[in-house]
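Q: can't give you the sequence, but here's the structure:
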Ligand SMILES: Nc1ncnc2c1ncn2[C@@H]1O[C@H](COP(=O)(O)O)[C@@H](OP(=O)(O)O)[C@H]1O
Ligand SMILES: [Mg+2]
C-alpha cells in the first residue's frame, strides 16, 4: 500500500546528468528510441552485448563527512547533484530527514508487526483488515477515510497511540518530539496532506508505508519506502527493511530465531540488530546502509557503510529474486527466462522492495517482475529501490530496456512488459534478450 505526499515548495530544475548516463547508459529514454523491438515496441536496449564488467563507479564519488558539532550523511562533491561546488543543491538535508523518519517508521512498524504476531492468527484480531482487493491492510497503513468513519473510532485510537508511542522517542533519532501528544485530529490532518497525484512537474515525496503487506502480516519481510521526486525524476530514495539484517548470513538465523522466540516469549523489537535502512541520492554514485536503531540505541551516521552491487556477471553464479506471490509476477515465465539465460541458483522469493535492497548490496544479481496483463505498477512500489540500485552501480529498466517513467502520475505508465533490475549491464542485456525471445510464446 502506498501514498503520495506533496511537499510545500515548487520544483527546482534538475541540474545533473542521470547516473545512468554517467555509467554509459542512455541519457534519457529518447536517446534509445528508434530501436524497434518485437511487436513494434519502442526499444531502449542496445542490440549487441555490453562489456562484462559491472556498471560500477562514477567519477562523482561522495564521501562520508562527519562534523564535530553536527553529523552529516555525506558530501556528494565533484559531480551529479553535487553539493559543495557550483551552488548546486546536494539534498543532504532532505536525505538526513528522510533517513531519520524512515528509522522512526521502522520502529513503529516493528511494534505493530510484533503485536500482530502475538495475536491469534486465526482470530482475525491484531489489527489486520481487508482491502477491497482482498489484500491485507494493517493499522500501520490505514487511510483517512477508514479512520474517520464511525466504525473507525477504535482503530483511530490505536493508530494515534502507536504514533505517539513513537514520537515520544523522536530524540533518539535526532528529531524533536512534539510538545504534547498528537490527537486524532492531528493524525487525520497529517494523513490528509498526502494528496498528490504525482506528475511531471513539481516536487513531492512518495511513501509506501508498508510495502509487502502480506509479508508484514506473516511476520516476514516488508519495507518502508520513501522517495523524493522532482520534475518526474526520483532524486533520492530511502528503504527501511526492518527484518533484513545488515549481513545476509544473519537472515536465516534471524528468521528461525524470531519464529521460535515469538512462540515462547513476547518479541522485543529491535533488541538486536535485525534490520537495516538503505539510502542513496541520484548522481552521487554511492548508496549507503545503516542498522535500525534499536530500543536502547541512538541513530548515528558513524554506523553507515557503503553498499555496492555484486560483481558477478556469470549467470551460472547469479541469483535472481522475484515476488513470493505468483499472483504478483509469473513464476513460470521467470523460470523459463532463468533457464534460457543459464541461471542455476534457486530464485530468492522475497516480499516487498527488500528485493531491491538485496540487489543493491550484492546479495543477489537480478530482480524480475512480470505482472499479469492489465496490472499497473505504482510509483511508490519502485521509486526508492530504483535510485538505490542505480547508485549502488546497478541497472533498472522495463523489459524493453527503457528507464521507468516516474513522471506520469501514480502509475508507471508505458511500462513495457515487466521490470528488470540487475547488478550489471551484461546480465541485464541477457535477460532482455531472453524476454524478447520468449515473450510471444508466453501466456502473459
Ligand atoms: N496483482 C498484482 N500484480 C503485481 N503486483 C501487485 C499485484 N497486487 C499487488 N501488487 C503489488 O505488489 C506489491 C508487493 O510486492 P511483492 O509481491 O514483491 O511483495 C504490493 O505492494 P503492497 O504490499 O504495498 O500493497 C502491490 O503494490
Ligand atoms: Mg507496495
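A: Yep, it's here. These numbers come from a predicted model, not from an experiment. Ligands and ions are numbered 1, 2, ... in the order given.
Q: buried stuff in whichever helix in the chain runs longest?
A: Counting residues, the longest helix found in the chain (DSSP state H) is helix 92-118. Across helix 92-118, burial judged by 16 or more other CB atoms under 10 Å covers 92, 94-96, 98-117. (Glycine included, C-beta is placed from N, CA and C.)
Q: Could you confirm whether it reaches ligand 2?
A: No - counting by CB under 5 Å from the ion, ligand 2 has no neighbours in helix 92-118; the shortest distance is 13.0 Å.
Q: so how far is that helix from its chain's centroid?
A: Using CA atoms, centre = their mean, to the nearest Å, the distance from the centre of helix 92-118 to the centre of the chain it belongs to is 13 Å.
Q: okay, now the closest residue to residue 363 other than its chain neighbours: neighbour count?
A: Distance criterion CB to CB, 6 or more residues apart in numbering; nearest residue to residue 363, sequence neighbours excluded, is residue 248 at 4.7 Å. Counted with other CB atoms under 10 Å, residues neighbouring residue 248 total 13.
Q: Against residue 47, how distant is residue 248?
A: Distance of residue 248 to residue 47, computed by CB to CB, to the nearest Å: 35 Å.
Q: element containing residue 339?
A: helix 331-341 (DSSP states H and E).
Q: mind listing what's buried in that helix?
A: 331, 333-334, 336-338, 340-341.
Q: cool, and stretch 154-162?
A: Buried-residue list, stretch 154-162, by 16+ other CB under 10 Å: 155-156, 159-160, 162.
Q: Secondary structure class of residue 374, three-state.
A: Assigned with DSSP: H, G, I helix; E, B strand; the rest coil, residue 374 falls in the coil class.
Q: Next up, the contacts around the residue in the chain positioned nearest to ligand 1.
A: The minimum distance from the chain to ligand 1, using CB to the nearest ligand atom, falls at residue 323 (3.2 Å). Going by CB atoms under 8 Å, 6 or more residues apart in numbering, residue 323 touches 329, 349-351, 355, 369.
Q: number of nearby residues for the closest residue to ligand 2 within the stretch 101-250 of the chain?
A: At 3.6 Å from ligand 2, residue 211 is the closest residue in the stretch 101-250 of the chain, using CB to the ion. Number of residues near residue 211 (other CB under 10 Å) recorded here: 30.
Q: what's it sitting at in phi/psi?
A: phi -90, psi 130 (degrees, to the nearest 10).
Q: now residue 234
A: Dihedral angles (degrees, to the nearest 10) for residue 234: phi -80, psi 120.
Q: Name whatever forms a beta bridge with it.
A: residue 229 (DSSP bridges).
Q: What about it, how many residues nearby?
A: If you count neighbours by other CB under 10 Å, residue 234 ends up with 25.
Q: Kindly report the same for residue 180.
A: With neighbours defined by other CB under 10 Å, the count for residue 180 comes to 8.
Q: Provide the secondary structure category for it.
A: coil.
Q: Distance-wise, check it relative to residue 167.
A: For residue 180 relative to residue 167 (CB to CB), the value is 10 Å.
Q: any common contacting residues for these two?
A: In contact with both residue 180 and residue 167: no residue, using CB under 8 Å, 6+ apart.
Q: so can I have TSV of the buried residues of stretch 154-162 showing distance to residue 225, pLDDT and secondary structure?
A: Formatted as TSV, those follow (distance: CB to CB, whole Å; pLDDT from 0 to 100; DSSP: H, G, I helix; E, B strand; the rest coil):
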residue	distance to residue 225	pLDDT	secondary structure
155	23	84	helix
156	24	88	helix
159	20	87	helix
160	24	92	helix
162	19	89	helix
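Q: between those residues, which is closest to residue 232?
A: Of all the buried residues of stretch 154-162, residue 159 has the smallest distance to residue 232: 32.1 Å, by CB to CB.
Q: wouldn't the closest one be in contact with residue 146 here?
A: No - using CB atoms under 8 Å as the test, residue 159 is too far from residue 146 to be in contact (9.8 Å).
Q: for the residue nearest to the spatial centre of the chain, what are its contacts?
A: Centroid-nearest residue in the chain, with CA atoms, centre = their mean: residue 385, separated by 3.6 Å. By CB under 8 Å, 6+ apart, residue 385 lies in contact with 225, 237, 239, 353, 355-357, 360, 396, 421.
Q: a helix runs through it, doesn't it?
A: Yes - under three-state DSSP, residue 385 falls within a helix.
Q: That one and ligand 2: what is the separation?
A: Distance of residue 385 to ligand 2, computed by CB to the ion, to the nearest Å: 10 Å.
Q: for residue 359, same thing?
A: 17 Å.
Q: where are the low-confidence patches of the stretch 251-400 of the chain?
A: Applying pLDDT under 70 to the stretch 251-400 of the chain picks out residues 251-273.
Q: Flag every residue of it that's near ligand 1.
A: 323, 325, 327-328, 351-352, 371-372, 375, 378, 381 (CB under 6 Å from any ligand atom).
Q: Reformat the residues you listed into a markdown table and put distance to residue 282 next to each item.
A: A markdown table is the format used below for these (distance: CB to CB, whole Å):
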| residue | distance to residue 282 |
| --- | --- |
| 323 | 26 |
| 325 | 30 |
| 327 | 32 |
| 328 | 27 |
| 351 | 26 |
| 352 | 22 |
| 371 | 26 |
| 372 | 31 |
| 375 | 27 |
| 378 | 20 |
| 381 | 18 |
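Q: Show the buried residues in these.
A: The neighbour count (16+ other CB under 10 Å) marks 323, 328, 351-352, 371, 378, 381 as buried among those.
Q: So which of the residues you listed are in helices?
A: Per DSSP H, these never map to helices.
Q: Let me know the closest of the residues you listed to residue 301.
A: Using CB to CB, these come closest to residue 301 at residue 352, 25.2 Å.
Q: Run through the residues that contact the closest one.
A: Residues near residue 352 by CB under 8 Å, 6+ apart: 211-212, 215, 221-223.
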